[in-house]
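J.: Quick one, fold the following:
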Amino acid sequence: MEDEDLEKLPSYYRLIKSYEGKGSIHLSDGSKIDCDFECGQNEEGDIIVGLNTDPSNFPVVWSVLDDSKVISHVSGNTSTGQFLEANISLWTHFSLSSDSERSSAFLIAYARDLTVGKEPTVPLNALKSYLVNFEFVLPLGLRFRGFDITIKKVDGYEEIEREMKATKRPKMTAQLTVTSSSNQIINISEVEQILRDICLLLSLAKGCRIQWLYWDAYSADEKQVRSHHWNGWSSAFGDWFIVLDNPPEDILDYLRQVLEPYQDAQKEGIWRFDRAIMHFVDTVSSRNVLELKATNLVVLTDYLTQLFAKHKKMNYFIERGSFADKKHNLQEAVRKLLGDLFSGGDLVENEYTHKKKGSAKKRTIQEMADKAECLNSRSFKSLLRRLQKDHLNLKVEEDELDLFIKIRNKLVHEASFLEEDDFTDMGIPYESKPNQFYRILSLTSRTMLAILNYHGYYHDWLKFKSVGPHVSGRVKMLYLEAG
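T.: This is a model prediction of the structure:
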């Protein structure tokens, strides 16, 4: 088939980098099908592969679609002579076309990753990767474990930023370059891990998923020798930031402070902090109602608190084996005591109690006695206090912690924020639902930053005020004084 006869990938895939050439479709049984390919990646992170093959291969291709075989990968040479390999994850579309001048079978698939260029035979000096969703003011530069790391804007950043903020679609905004001071990058996996860590930490700071899409590898003579794309899922752009763009030194100070502690936290094995960051970012960037967003944030705080408690062996008062041996006796004692203290008339009136109060009382008392096992668990409040004050040394006022717990309990048990009557009962001024959400976001943010041992400035949404073009709420992390 001539190139002009090939069916092409539609423009709506919005590829930011693409390749085309000739090669083979590799099947799981070891067989191959000759093909022409066009493939590339979009800003959502998807790697799309379009394959043209002769219609005579139709029975073989159809067997792939019928699950008797699967496509393992596609390989070949690009039109510029570079070797290309794409590992396929799934196919999405297949069509046959034929007329008096041409006929072809066309398949569209998605790939897990895509590599262009063979293993380099010369030392690598730099990896240039490309990030989506990162909004920033000035170039950033830092040194980390023998690597020089710089982040700068892509060409046309200002227009890209405007589109990203208006449409909320992920847009490629930044080039992140990692250079070896020895002019030799020996372990690409080590550099990729640094890329992932930086993107996660920037995501936490900015409140949306910042992701790298692909990297280009360069030799010491600045010649591009290899490219690698991966299907790193990115999300819609969001602006629930906890580190401000301005002043621009805040985000650089943040990265310099938290990169090492983040990697240490991952190795320490307490937090599973990469999951915590992803949960936080997905929660604040979602378009869920405030109640759901707030609930997901308090679930995250629960998650971190319970991981800490488990690590410190503080979940229970009594050894679980000893408690289990005596649990039945405890439940029986509680059941008897409840039965002596309360009558059927004390039960809350509902559809289960209005007919047979005697039997309803018995069932209710038994259900309450079954909850005696909870007596062995420490309260969430006591564990959270120990995490924040004793372990993280975070300065949190007692009344702030109390109100956080009350909002959390209302969300978890009743799926709603506190009402005006709740504040009246507590004797404190009423807070609106958005303000209660900001309170949850504020404490959760500080807990996350404290785990990373961050001592710089952050944006506190509870103190947020918009004054003309300026935003206030920039405050410094507060820790308890030693001793």
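J.: and S359, how many neighbours?
T.: 12 (other CB atoms under 10 Å). Placement of C-beta: from N, CA and C, glycine included.
J.: which residues does the nearest residue in space to I47 that is not next to it in sequence contact?
T.: Distances taken as CB to CB, 6 or more residues apart in numbering place A111 nearest to I47, at 4.2 Å, with adjacent residues excluded. For A111, the contact set (CB atoms under 8 Å, 6 or more residues apart in numbering) comprises C39, I47, I48, V49, V74, A86, N87, I88, S89, H229, N231.
J.: What subset of the residues you listed is buried?
T.: C39, I47, I48, V49, V74, A86, N87, I88, H229, N231 (16 or more other CB atoms under 10 Å).
J.: and of those residues, the nearest to F106?
T.: V49 (11.3 Å; CB to CB).
J.: Could you work out the most separated pair of the contacts of A111?
T.: Farthest pair in the contacts of A111, by CB to CB: V74 and N231, 14.5 Å.
J.: Which element, helix or strand, includes the residue nearest to I47?
T.: strand 103-116 (DSSP states H and E).
J.: residues making contact with the next helix-or-strand element following that strand?
T.: Following strand 103-116 in sequence order, the next helix or strand is strand 124-132 (DSSP H and E). With contact meaning CB under 8 Å, 6+ apart, strand 124-132 is reached by 16, 43, 45, 151, 154, 170-180, 183-185, 188, 191, 195, 199, 202, 210-220, 222, 225, 234.
J.: these two touch, right, A205 and I242?
T.: Yes: A205 lies in contact with I242 (CB atoms under 8 Å); the separation is 6.1 Å.
J.: of the two, who's got more company?
T.: A205 (27 against 24).
J.: Distance check, the more buried one against L383.
T.: A205 sits 27 Å away from L383, going by CB to CB, to the nearest Å.
J.: where do the helices sit along the stretch 1-150 of the chain?
T.: Residue ranges of the helices in the stretch 1-150 of the chain, as given by DSSP state H, counting those that start in this stretch, are 58-65.
J.: those strands in it, which residues are they?
T.: Ranges of strands in the stretch 1-150 of the chain, per DSSP state E, counting those that start in this stretch, are 15-27, 32-42, 47-53, 71-78, 83-98, 103-116, 124-132, 140-144, 147-153.
J.: Tabulate those strands in CSV, adding columns for distance to N246 and mean pLDDT.
T.: Below are the strands of the stretch 1-150 of the chain laid out as CSV (distance: least, CB to CB, whole Å; pLDDT from 0 to 100):
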stretch, distance to N246, mean pLDDT
strand 15-27, 28, 93
strand 32-42, 30, 92
strand 47-53, 35, 90
strand 71-78, 43, 93
strand 83-98, 40, 78
strand 103-116, 37, 87
strand 124-132, 19, 93
strand 140-144, 14, 93
strand 147-153, 15, 95
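J.: Please work out which of the ones you listed is packed deepest.
T.: Each of these was assessed for mean neighbour count using mean count of other CB atoms under 10 Å. The highest is strand 47-53, with a mean of 24.
J.: Show me what that one is packed against.
T.: Counting contacts by 3 or more CB pairs under 8 Å, 6 or more residues apart in numbering; DSSP states H and E, strand 47-53 is packed against strand 15-27, strand 32-42, strand 83-98, strand 103-116.
J.: okay, the strand holding A111 in PDB with CA atoms only?
T.: Extracted C-alpha coordinates of strand 103-116, given in PDB (Å, rounded to 0.1, in the frame of the first residue of the first chain):
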ATOM      1  CA  SER A 103      -8.400  -1.900   0.300                       C
ATOM      2  CA  SER A 104      -7.100  -2.100   3.800                       C
ATOM      3  CA  ALA A 105      -7.800  -3.400   7.300                       C
ATOM      4  CA  PHE A 106      -7.500  -0.700  10.000                       C
ATOM      5  CA  LEU A 107      -7.100  -1.300  13.700                       C
ATOM      6  CA  ILE A 108      -6.800   1.200  16.600                       C
ATOM      7  CA  ALA A 109      -5.300   0.100  19.900                       C
ATOM      8  CA  TYR A 110      -4.000   1.600  23.100                       C
ATOM      9  CA  ALA A 111      -0.400   1.000  24.300                       C
ATOM     10  CA  ARG A 112       1.000   0.800  27.900                       C
ATOM     11  CA  ASP A 113       4.200   2.300  26.700                       C
ATOM     12  CA  LEU A 114       6.000   3.300  23.500                       C
ATOM     13  CA  THR A 115       9.800   3.400  23.000                       C
ATOM     14  CA  VAL A 116      11.500   5.000  19.900                       C
END
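J.: Okay, angle between it and strand 71-78 too, please.
T.: Here strand 103-116 runs at an angle of 80 degrees relative to strand 71-78 (axes from the mean of the first three to the mean of the last three CA atoms, to 10 degrees).
J.: Quick check: mean pLDDT of stretch 239-256?
T.: Average pLDDT, stretch 239-256: 92.
J.: contact partners of it?
T.: In contact with stretch 239-256 (CB under 8 Å, 6+ apart) are residues 135-138, 140-142, 165, 198, 201-202, 204-208, 284-285, 441, 445, 449, 454, 456-459, 461, 471, 474.
J.: I would like a ChimeraX command selecting only the buried ones among these, please.
T.: Buried residues within the contacts of stretch 239-256, by 16+ other CB under 10 Å, are selected in ChimeraX with:
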select :135,136,140,198,201,202,204,205,206,207,208,284,285,441,445,449,454,456,457,458,459,461,474
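J.: L107 against C39, yeah?
T.: No: in this structure, L107 is not within contact of C39 by CB under 8 Å, at 11.6 Å.
J.: Are there residues contacting both of these two? Which ones?
T.: G50.
J.: what's the pLDDT at P123?
T.: The model's pLDDT for P123 equals 80.
J.: ugh, wrong one, I meant S180
T.: 85.
J.: got a list of what it touches?
T.: L124, N125, A126, G146, F147, D148.
J.: Could you list the low-confidence segments of this protein?
T.: Scanning the chain with the threshold set as pLDDT under 70 gives 1-7, 57-68, 92-103, 350-358, 465-471, 482-483.
J.: Which strand or helix spans the most centrally placed residue in it?
T.: Centroid-nearest residue in the chain: M278, 2.2 Å away (criterion: CA atoms, centre = their mean). In this structure, M278 sits in helix 273-285 according to DSSP H and E.
J.: quick one: buried residues of that helix?
T.: F273, A276, I277, H279, F280, V281, D282, T283, V284, S285.
J.: export the residues you listed to CSV and tack on distance to N315?
T.: Below are the buried residues of helix 273-285 laid out as CSV (distance: CB to CB, whole Å):
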residue, distance to N315
F273, 20
A276, 19
I277, 24
H279, 21
F280, 23
V281, 28
D282, 27
T283, 25
V284, 28
S285, 32
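J.: which among those gets closest to A415?
T.: Distances from A415 to the buried residues of helix 273-285, taken by CB to CB, are shortest for T283, at 15.6 Å.
J.: Helix, strand, or coil at the closest residue to that closest one other than its chain neighbours?
T.: Excluding its sequence neighbours, the residue lying closest to T283 (CB to CB, 6+ apart) is N296, at 4.1 Å. Put simply, N296 is helix when judged by DSSP: H, G, I helix; E, B strand; the rest coil.
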